[in-house]
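**Student:** No sequence on hand, only this structure:
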């Protein structure tokens, strides 16, 4: 019950603002009105959105094969009314991006993220001409990584291997999405040749409100209660959980953290955080950024004064959008 309550608090963004008017000023091509999109729910963890906007790359053309048949609302999948739904026989992940010349944004969502909040980020990328793959890691999959988060990591990698037309990828991870990225890196290291070509396709990486394994025992209680006494009790309980579950969970958390700190994705990175984030540790994020810079990764560090956990875009929409757009241009995923 305690873990369930912590999960709810950890994943509750509020007061997200509409970015339409802001981004129209920032970039002429951005307009979140009437974005035509197809949505495919591959499984409970993966969902693909395909834009009908042109690819942002000049001189590249494609023939749109997206159905225009309208579908009703699918509450279980969180699919908005009016979105075409695509279904494939056989392997549901294979070749869903065949013939696409659009870049793909891979969004590693925060825990129990609501569709309404994720849609701000979906729309941001879709209107730039990106397709979007949304990856959800459920709380039980985080608690038991071997049968959960590691399986999700393999799903993501298999999707990218089976859809090689997505040659240019932008990764955008939120909160524990950084942990999920670590599991992806571990899987690549341990599997060898099958996934060798995936990481070089990542051209830009964004980490919003990053939470590392070491920051969880102190970060979760801070988000849960203002009582210093209860914070301390919860911190002790989480440390005990880490010891008791070491062979089934903690050892995998540490391996993911190590792989993330030794990031083998060498493209430009953007870290977004806040001085008042009670869950993400600013000092830990700085240490990760310094480690990556030592490896030769170009890291931009963006720190806001007072935005809450995974709420930076809602609090500072113009600044947030500008930082991401600059990164995408630097990575040549958008024209300068």
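**Tutor:** Received, thanks. This one's a predicted model, so the numbers in the text were calculated from it and none came from an experiment. Numbers count the residues shown, from 1 in each chain.
**Student:** switch to C-alpha atoms for all contacts and neighbour counts from now on
**Tutor:** Noted.
**Student:** can you count the residues close to residue 50?
**Tutor:** Here the count is done by other C-alpha atoms under 10 Å, and residue 50 has 22 residues near it.
**Student:** With adjacent residues omitted, what lies nearest to it?
**Tutor:** Nearest residue to residue 50, sequence neighbours excluded (C-alpha to C-alpha, 6 or more residues apart in numbering): residue 131, at 4.6 Å.
**Student:** low-scoring stretches of the protein, by residue?
**Tutor:** Residue ranges of the chain with pLDDT under 70: 1-36, 58-99, 219-220, 222-224.
**Student:** Quick check: buried residues in the lengthiest helix in it?
**Tutor:** Longest helix in the chain by number of residues (criterion: DSSP state H): helix 228-244. Buried residues in helix 228-244, counted by 16 or more other C-alpha atoms under 10 Å: 231, 234-235, 238, 242.
**Student:** Quickly name whichever of these is closest to residue 248.
**Tutor:** Checking the buried residues of helix 228-244 against residue 248 by C-alpha to C-alpha gives residue 242 as the nearest, at 9.6 Å.
**Student:** Tell me which residues touch the closest one, please.
**Tutor:** Residue 242 makes contact with 249-250 under the criterion C-alpha atoms under 8 Å, 6 or more residues apart in numbering.
**Student:** Please determine how far it is located from residue 259.
**Tutor:** Distance of residue 242 to residue 259, given as C-alpha to C-alpha, to the nearest Å: 19 Å.
**Student:** just to revisit the earlier point, can you redo the buried residues of helix 228-244 as CSV with distance to residue 37?
**Tutor:** Formatted as CSV, the buried residues of helix 228-244 follow (distance: C-alpha to C-alpha, whole Å):
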residue, distance to residue 37
231, 44
234, 43
235, 44
238, 42
242, 42
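**Student:** Let me know the closest of the residues you listed to residue 165.
**Tutor:** Of all those, residue 165 sits closest to residue 242, with 41.0 Å by C-alpha to C-alpha.
**Student:** From residue 253, how far out is the closest one?
**Tutor:** Here residue 242 is placed at a distance of 10 Å from residue 253 (C-alpha to C-alpha).
**Student:** got it, and residue 283?
**Tutor:** Taken as C-alpha to C-alpha, the span from residue 283 to residue 253 is 19 Å.
**Student:** neighbour-wise, which of those two wins?
**Tutor:** Shown here are residue 283 and residue 253; by other C-alpha under 10 Å, residue 253 has more neighbours (23 against 10).
**Student:** and the nearest residue to that one once chain neighbours are set aside, how far is that from residue 178?
**Tutor:** In this structure, residue 253 finds its nearest non-sequential neighbour in residue 213, 6.2 Å apart by C-alpha to C-alpha, 6+ apart. Look at residue 213 and residue 178: by C-alpha to C-alpha, they are 10 Å apart.
**Student:** cool, residue 321 as well?
**Tutor:** Distance, residue 321 to residue 178, by C-alpha to C-alpha: 20 Å.
**Student:** Which one of the two is surrounded by more residues?
**Tutor:** residue 178 (26 against 19).
**Student:** three-state assignment of the more buried one?
**Tutor:** Applying DSSP: H, G, I helix; E, B strand; the rest coil to residue 178 yields a three-state assignment of helix.
**Student:** For it, give me its contacts.
**Tutor:** Applying C-alpha under 8 Å, 6+ apart to residue 178 gives the contacts 108, 207, 210-212, 260.
**Student:** Please report the distance of it from residue 237.
**Tutor:** From residue 178 across to residue 237, the span is 23 Å (C-alpha to C-alpha).
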